[in-house]
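>>> Task: produce atomic coordinates for the following.
(one chain, ligands or ions: 1)
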Amino acid sequence: MSELPLPPGSTLGILGGGQLGRMLALAAARLGFDVAVLERDADSPAGRVAAHTIVGPYADPDALETLAAVAAVVTYEFENVPADSVLILQRLGVEVAPGPEALAVAQDRVAEKQFLNASGAPTVAYSSADTAEEAVAATAQMGAPVLMKTRREGYDGKGQRWVEHPADAAKAFADLGGGPVILEAPADFVRELSIIAARGRDGATAIYPLSENHHEGGILRRTLAPAHVSQALAEQAERIAARILSGLNYVGVIGIELFEMKDGRLLVNEIAPRVHNTGHWTQDGCAVDQFEQHIRAVAGWPLGPTEPHARVEMLNLLGDEVDAWAKLAHEPDTRLHLYGKRDAKPGRKMGHVNKLHPL
Ligand code: AMP
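Numbers count the residues shown, from 1 in each chain. Okay, here's the model as predicted:
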């Protein structure tokens, strides 16, 4: 096992080479670490700013062994890391954070809902189904409409279908691939909020202010932070975050997506055991952003402050919107973050801007 706190000059491993890995790697480098990225693609956004890239599948034992030989601590930028990869790394004496409990919960929407409700973090009512017949029966029992989602591997609104009538449930089930699903009651929310929180190896927590999020076609477009919320709502969110962090014995940054209901209650939509797109505002709104905070936590360093010093409007640059970089670079209160992706496919997250306003 490595010595913690991990001293500068050590190598930190990241599973995944996308933009989140890239921004983690940049934050780690600023704290004096070298980064080793394990990624299938030899030319990845994170790999191009890391000291080492190990090219291979995340579950490849040889690639994991190579990573373990250089990295004392390993983290990840996406939640679908195979559980076996974590076990292999742990057997090789590597600290993996966040730990396997968080991954298991985040990889299965039913396990996630069970954990959340048991922890005192409320969610919408739900049911699960493994067959088309069960899906029809569950829809009838809950009362349509319901939102059917694959239990595993959904992201950015993919892998979900609204079911308006029990008779439509079998088709939705088939459309989603015929695998296990969760059926969720509709959340009649007034706003979508999220909270980015961190827990250190010593159990200390750091929680950022709530942000307000706007999606289009299942993809985040815009975040406003800190969100305008009452003190009571902020405290409710902080209580939920604290319960989730301690319930998972968590180490690192977590993103918690929330529905603000008409009656003032907050329901948890989902949790992401990693840095989160709705936390990008912290890069220019807080002294210590979510990326540095995550590196601090997994490296066993003290957590940093989370107070905002600006109001931020974060806009994702999707597809060819990134071509506006030259114009955006002229705006004095706009901070540009580009991911170095070669190919601006429609809807692909190519970068984001943080537009700054006084608090
Ligand atoms: P998810 O992939 O679970 O984060 O869902 C993507 C988006 O679908 C959310 O940001 C919400 O806008 C919407 N959504 C998810 N679950 C529900 C629900 N139970 N009721 C209403 N809208 C939902």
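
>>> can you count the residues close to the nearest residue to Gly300 once chain neighbours are set aside?
Distances taken as Cβ to Cβ, 6 or more residues apart in numbering put Leu4 closest to Gly300, at 3.2 Å, once the chain neighbours are dropped. For every residue, glycine as well, the C-beta is placed using N, CA and C. By the criterion of other Cβ atoms under 10 Å, Leu4 has 15 neighbours.

>>> Make sure Leu4 is actually in contact with Arg296.
No. Leu4 is not in contact with Arg296 according to Cβ atoms under 8 Å; the separation is 11.5 Å.

>>> Distance check, the residue of the stretch 251-359 of the chain found nearest the ligand against Val105.
Across the stretch 251-359 of the chain, the shortest distance to the ligand (Cβ to the nearest ligand atom) belongs to Glu270, at 4.9 Å. To Val105, Glu270 is 10 Å away according to Cβ to Cβ, to the nearest Å.

>>> Give the intersection of the neighbour lists for these two.
Common contacts of Glu270 and Val105, defined by Cβ atoms under 8 Å, 6 or more residues apart in numbering, comprise Glu112.

>>> The helix ranked longest in the chain packs against which elements?
Looking across the chain with DSSP state H, the single longest helix is helix 231-247. Other helices and strands packing on helix 231-247, by 3 or more Cβ pairs under 8 Å, 6 or more residues apart in numbering; DSSP states H and E, are helix 109-118, strand 189-199, strand 205-207, strand 252-261, strand 266-272.

>>> would you turn these into CSV with mean neighbour count?
Putting the helices and strands packed on helix 231-247 into CSV (neighbours: other Cβ atoms under 10 Å) gives the following:
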stretch, mean neighbour count
helix 109-118, 18
strand 189-199, 23
strand 205-207, 19
strand 252-261, 24
strand 266-272, 22
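
>>> Take those and lay them out in JSON lines including mean pLDDT and distance to Glu133.
Listed next are these as JSON lines, based on pLDDT from 0 to 100; distance: least, Cβ to Cβ, whole Å:
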{"stretch": "helix 109-118", "mean pLDDT": "98", "distance to Glu133": "18"}
{"stretch": "strand 189-199", "mean pLDDT": "98", "distance to Glu133": "31"}
{"stretch": "strand 205-207", "mean pLDDT": "98", "distance to Glu133": "44"}
{"stretch": "strand 252-261", "mean pLDDT": "98", "distance to Glu133": "30"}
{"stretch": "strand 266-272", "mean pLDDT": "97", "distance to Glu133": "27"}
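
>>> any chance of those in TSV, plus distance to Pro358?
As requested, those are exported to TSV (distance: least, Cβ to Cβ, whole Å):
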stretch	distance to Pro358
helix 109-118	36
strand 189-199	22
strand 205-207	23
strand 252-261	25
strand 266-272	27
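
>>> Return the set of buried residues in stretch 132-150.
By 16 or more other Cβ atoms under 10 Å, the buried positions in stretch 132-150 come out as 132, 134-136, 138-139, 142, 144, 146-150.

>>> Could you do stretch 67-80 as well?
By 16+ other Cβ under 10 Å, the buried positions in stretch 67-80 come out as 67-68, 70-79.
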